[in-house]
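**Student:** quick one, fold the following:
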Amino acid sequence: MKQYLSAAALFFIFLAIYYIGSFTKIPFADCVGFVLSVEKGEFETAATATSHFLYTNTAIFIKNLTGLHPIEASRLLVVASGAFTVSIVYLIVKTITKTQWTAITAAFVFGFSFSFWRNAEIVEVYTYNSLWISLFFLSMVKVFIEKKNVHIILSSLFLGIALWVHIQNILLIPALLIFLFYFRQEKRYASFSVILFALLFSSLFILNMSQGLPFKAFYSSDQGTWVEDSLKQTPVQLVKDFFQSFIYLIYNFNIFIFFGIAGMGLLYKANRQMFTVFFVAALLVYGFATFYLVSDNYVFFLPFNIIFALSIGYGLSSVKYVSFKKFSWVCLLIPLGYISAYNVVLLTEKGREADAFKKYKGGMNYYLLPWMNDNVGILEFTVDNKVAPEPINWMTVSAKEYIKVLKNKGYTEEEIRKL
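**Tutor:** A predicted model of the protein is given here:
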C-alpha cells in the first residue's frame with residue numbers, strides 16, 4: 001500500500017511541475033495540428049502513420065466530456081500522461097529493487113530528463129505514448145519478479161493499445177515475442193496473450209482497409225520519405241548521428257548515466273531473461289531513433305529513455321552504491337543543469353548566433369530549457385505574417401487553417417495571438 005501512496009504523491013508532484021511549466025501559447029512543430037484536430041472534434045476513423053488514432057480521439061473525448069477548450073483538453077491529456085508515466089517508472093523500479101529511495105530517485109531522474117519533460121510541456125503524442133509503453137514494461141516486470149501470470153495477458157494488451165497511439169511501437173514487438181517465449185510453459189496465459197495481441201494488431205489494418213486505405217497505410221506516409229532518406233545516409237552522416245545520440249543521452253541523464261550502465265551489467269548477471277527482453281527493446285528503439293532522419297528524432301528515444309531510467313534505478317540498488325543514498329537528493333538539481341547549459345551556450349559566439357537564428361520561436365531556450373511557459377506561439381507568428389529564416393511551411397499550413405476556424409467562431413486576431 002505504501003508504494004501506491006508514494007506513486008500517487010509523485011503523480012501530483014509532477015502534475016504540478018508539468019502544469020506550471022506548460023506552454024502559454026501553442027508552440028511550434030506539430031502542436032497546432034493536434035490542437036486543430038481536437039478543435040474540429042472529428043474523431044479519427046483511420047489508424048495511419050501520422051493520424052495517431054488513439055491520442056487524437058482521447059483528446060477529443062476529454063474535450064467533449066469536460067467541456068474544456070481544445071487547448072486545455074490537450075494540455076490535460078499531455079500533462080496527466082506525463083505525471084502518470086513518472087509514477088509508473090517508480091512502481092517498476094520499486095518492483096525490481098524493493099528499495100524505496102532508488103525507485104524515487106529513478107522517478108525524479110526520468111521525470112526531469114529533458115526529452116520527457118519537454119514533451120510534457122507541449123501538445124504532442126509522446127507522453128501519452130510513454131504511458132502505455134511504461135504499463136507494458138510494468139506488466140512484464142510483474143511477471144518476472146512477482147510471477148503474476150495475469151500480467152502476461154496485460155503485457156499484450158498494453159503494447160497492442162500502444163500501437164494505436166504510435167507506429168514506432170512495432171519496434172517493441174520482438175521484445176514481447178521473446179518475453180512470451182520465456183513464459184510459454186504458462187500455456188493458458190501465453191496463448192490468450194498471443195491471440196489478444198494478434199487481434200489488436202490486425203485490427204489496425206482491418207480498420208484502414210475498411211476506409212479504402214492501402215494495407216501499408218499504418219506504417220507508411222505520403223507526407224515525407226523519412227525512412228527512405230535515413231537509409232541513404234553516408235557513413236560519415238551515420239557516425240554523426242551516433243555521436244548526436246550520445247549527446248542526447250548525456251543531456252537527459254547527466255551523471256546518472258554511470259548508474260544506468262552499471263544497472264545493465266547487474267541485471268545481466270541477476271536475471272538474464274529479463275535483461276534480454278529489455279535489451280532487445282532498448283537496442284531496436286535506440287538504433288531506430290539514432291538513424292531516423294528527422295529534425296526532432298530526440299523524441300523517438302523516449303521508450304529507450306524509460307528503459308534506461310529503470311536501469312539507473314537498478315544500478316543504484318547495488319550494494320556497491322548504497323553510500324550514494326545520502327547524495328540522491330542531487331537529482332533535484334537537474335533543472336539547474338539545464339539553466340547552466342543555457343547560460344554557458346550563450347557565452348559562446350556560435351551559441352549567440354544560433355540563438356539569433358532561432359529567435360522566431362524563442363531562441364536557444366526553446367532547445368535547452370524543458371519548460372515552455374511564456375513561449376512564442378505559432379498562431380501569433382502566423383497571424384502577424386512573420387517570416388522564419390528557415391522553411392516552416394509545414395507548421396504554418398495547420399496554423400492558418402486553425403486561425404480560419406477560430407475566426408469563423410468569432411475570435412479576433414488579438415484573441416488568437418494569445419492562444
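
**Student:** alpha carbons only for contacts and neighbour counts from here, please
**Tutor:** Noted.

**Student:** any idea how far apart the tips of stretch 94-113 sit?
**Tutor:** Stretch 94-113 has an end-to-end distance of 19 Å (Cα to Cα, to the nearest Å).

**Student:** buried residues in it?
**Tutor:** Buried residues in stretch 94-113, counted by 16 or more other Cα atoms under 10 Å: 94-97, 100-113.

**Student:** may I see the buried residues of stretch 150-159?
**Tutor:** 151-159.

**Student:** all helices for the stretch 251-400 of the chain, in order.
**Tutor:** Residue ranges of the helices in the stretch 251-400 of the chain, as given by DSSP state H, counting those that start in this stretch, are 257-270, 272-291, 302-316, 334-347, 349-357, 365-368, 378-383, 393-408.

**Student:** mind putting these into CSV with mean neighbour count and distance to residue 139?
**Tutor:** As requested, the helices of the stretch 251-400 of the chain are exported to CSV (neighbours: other Cα atoms under 10 Å; distance: least, Cα to Cα, whole Å):
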stretch, mean neighbour count, distance to residue 139
helix 257-270, 17, 17
helix 272-291, 19, 12
helix 302-316, 26, 14
helix 334-347, 15, 29
helix 349-357, 15, 44
helix 365-368, 18, 34
helix 378-383, 20, 39
helix 393-408, 16, 38
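
**Student:** got a pLDDT number for residue 160?
**Tutor:** Per-residue confidence (pLDDT) for residue 160: 95.

**Student:** please disregard the earlier target; I meant residue 287.
**Tutor:** pLDDT at residue 287 comes out at 88.

**Student:** could you export the buried residues of stretch 150-159 as CSV, including secondary structure and distance to residue 291?
**Tutor:** CSV is the format used below for those (DSSP: H, G, I helix; E, B strand; the rest coil; distance: Cα to Cα, whole Å):
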residue, secondary structure, distance to residue 291
151, helix, 33
152, helix, 32
153, helix, 33
154, helix, 31
155, helix, 28
156, helix, 28
157, helix, 29
158, helix, 27
159, helix, 23
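
**Student:** list just the nearest of these to residue 51.
**Tutor:** residue 159 (17.9 Å; Cα to Cα).

**Student:** and the closest one, what is it in contact with?
**Tutor:** Taking Cα atoms under 8 Å, 6 or more residues apart in numbering, we find residue 159 in contact with 132-133, 136, 169, 172, 197.

**Student:** residue 26: which of the residues you listed is nearest?
**Tutor:** residue 132 (24.8 Å).

**Student:** assign that closest one to helix, strand or coil.
**Tutor:** Classification of residue 132 by DSSP: H, G, I helix; E, B strand; the rest coil places it in helix.

**Student:** that one reaches residue 162, doesn't it?
**Tutor:** Yes - using Cα atoms under 8 Å, residue 132 is in contact with residue 162, at 5.5 Å.

**Student:** which of those two has more neighbours?
**Tutor:** Taking other Cα atoms under 10 Å, residue 132 and residue 162 do not tie; residue 162 has more neighbours (27 against 24).

**Student:** in which helix or strand would I find that one?
**Tutor:** helix 150-163 (DSSP states H and E).

**Student:** and the next element down the chain from that helix?
**Tutor:** helix 173-182.

**Student:** what angle do that next one and helix 272-291 make?
**Tutor:** On the basis of axes from the mean of the first three to the mean of the last three Cα atoms, to 10 degrees, helix 173-182 is oriented at 170 degrees to helix 272-291.

**Student:** tilt between helix 173-182 and helix 150-163?
**Tutor:** Using the same axes, to 10 degrees: helix 173-182 against helix 150-163 is 170 degrees.

**Student:** where does the protein have low pLDDT?
**Tutor:** 217, 220-233, 293-295 (pLDDT under 70).

**Student:** longest helix anywhere in it?
**Tutor:** helix 70-97 (DSSP state H).

**Student:** and it, what does it pack against?
**Tutor:** helix 2-21, helix 31-40, helix 53-66, helix 100-111, helix 114-119, helix 126-146, helix 302-316 (3 or more Cα pairs under 8 Å, 6 or more residues apart in numbering; DSSP states H and E).

**Student:** tell me what angle the helix holding residue 162 forms with helix 53-66.
**Tutor:** Using the same axes, to 10 degrees: helix 150-163 against helix 53-66 is 90 degrees.
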